[in-house]
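[1] Give me the fold of what follows.
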Amino acid sequence: MIKKKQTLKLRNEKKFNINYADGFILSQTLKKFFRYDKNSDSHGSYRVSSLYFDNPYDKALMQNISGVNQREKFRIRYYNHDLSFIRLERKIKINGKCAKQSVRLDQAEVQQIIKGENNFLLQKEDALAIEFYSKLKGQLLKPTTIVTYDREAFICDPGNVRITIDRNLRTTTNTKYFLQTNKHINISDGLAVLEVKYDEFLPDFVKMAVHLNNRPLTAYSKYAMCRSYD
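    Numbers count the residues shown, from 1 in each chain. Predicted structure coming up:
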């Protein structure tokens, strides 16, 4: 029996470009009030590695740059060096809100996808895996770029808030080595990204904690930024 497609839970998402000084000040403030994400190491951060897919016409990239109201991206992601927990994810944006669907993959399955050997996805009995297969075939999706960065993440239960500071953005198009040690180009240019995700409301004390003067909202996309270095 095929596992049903996951229900979309749309969340609000706000992004800000910040410098490293902003990030340090925010980090010192946030860790006084909020707990770290479960993936964090003893220093409160962890590495995020993602392999993104796009079609020959760069549909996902063009929609992102154009700000299309309803768009999606497929990626495979793991954290730190832990290859025991890898996920295929579909990230959806609808009118400024975001949602995510995912299904687990193992190392061998990821290598098959990178090689273009995708038929096993039909056997996973998962709606997302089958949709991904259909778009690999129908839209000619293929691995495009690797996006890697260091994330410091904080959790706040009221409002189901997640605050992240992403630093040291790195990239490479050498996608066949996604699960191995790889040479990346650091493209952060001394900047970081603050993201605040929440459900229906953002508590006032969180607004105060993340407030920075002269840091406007941005539509910054790590994927789009990395693609500019293809």
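[2] hang on, Ala192 packs against Arg167?
    Yes. Ala192 lies in contact with Arg167 (Cβ atoms under 8 Å); the separation is 4.6 Å. Where you see a C-beta, it was placed from the backbone N, CA and C, and this is true even at glycine.
[3] if I look at the two, which residues touch both of them?
    20, 23 (Cβ atoms under 8 Å, 6 or more residues apart in numbering).
[4] Any buried residues in stretch 112-122, and which?
    Neighbour-count burial for stretch 112-122, counted by 16 or more other Cβ atoms under 10 Å, picks out 112-114, 118, 121.
[5] The residue most central in space within the chain is in what secondary structure piece?
    In the chain, the residue lying closest to the centroid (Cα atoms, centre = their mean) is Ser50, at 7.0 Å. Using DSSP states H and E, Ser50 maps to strand 45-54.
[6] Which other helices and strands does that strand contact?
    Of the remaining helices and strands, those touching strand 45-54 by 3 or more Cβ pairs under 8 Å, 6 or more residues apart in numbering; DSSP states H and E are helix 59-66, strand 70-79, strand 142-156.
[7] Pairing partners for the last one, with directions?
    By that I understand strand 142-156. Applying DSSP bridges, strand 142-156 is found paired with strand 35-36 (antiparallel), strand 45-54 (antiparallel), strand 161-172 (antiparallel).
[8] Now do the contacts for Lys183.
    Each residue near Lys183 by Cβ under 8 Å, 6+ apart is listed here: 172, 174.
[9] On the pLDDT front, check it for me.
    We have a pLDDT of 80 for Lys183.
[10] Give me the three-state assignment for it.
    What DSSP: H, G, I helix; E, B strand; the rest coil gives for Lys183 is coil.
[11] ok, now how distant is it from Tyr177?
    9 Å (Cβ to Cβ, to the nearest Å).
[12] Confirm Asn39 sits in a strand?
    No. Assessed with three-state DSSP, Asn39 is coil; it does not lie in a strand.
[13] For it, what are phi and psi?
    Main-chain dihedrals, Asn39, degrees, to the nearest 10: phi -80, psi -10.
[14] That one against Tyr46, yeah?
    Yes. With contacts counted by Cβ under 8 Å, Asn39 reaches Tyr46, the gap being 4.5 Å.
[15] shared neighbours of those two, anything?
    What both Asn39 and Tyr46 touch, as defined by Cβ under 8 Å, 6+ apart, is the set 79-80, 153.
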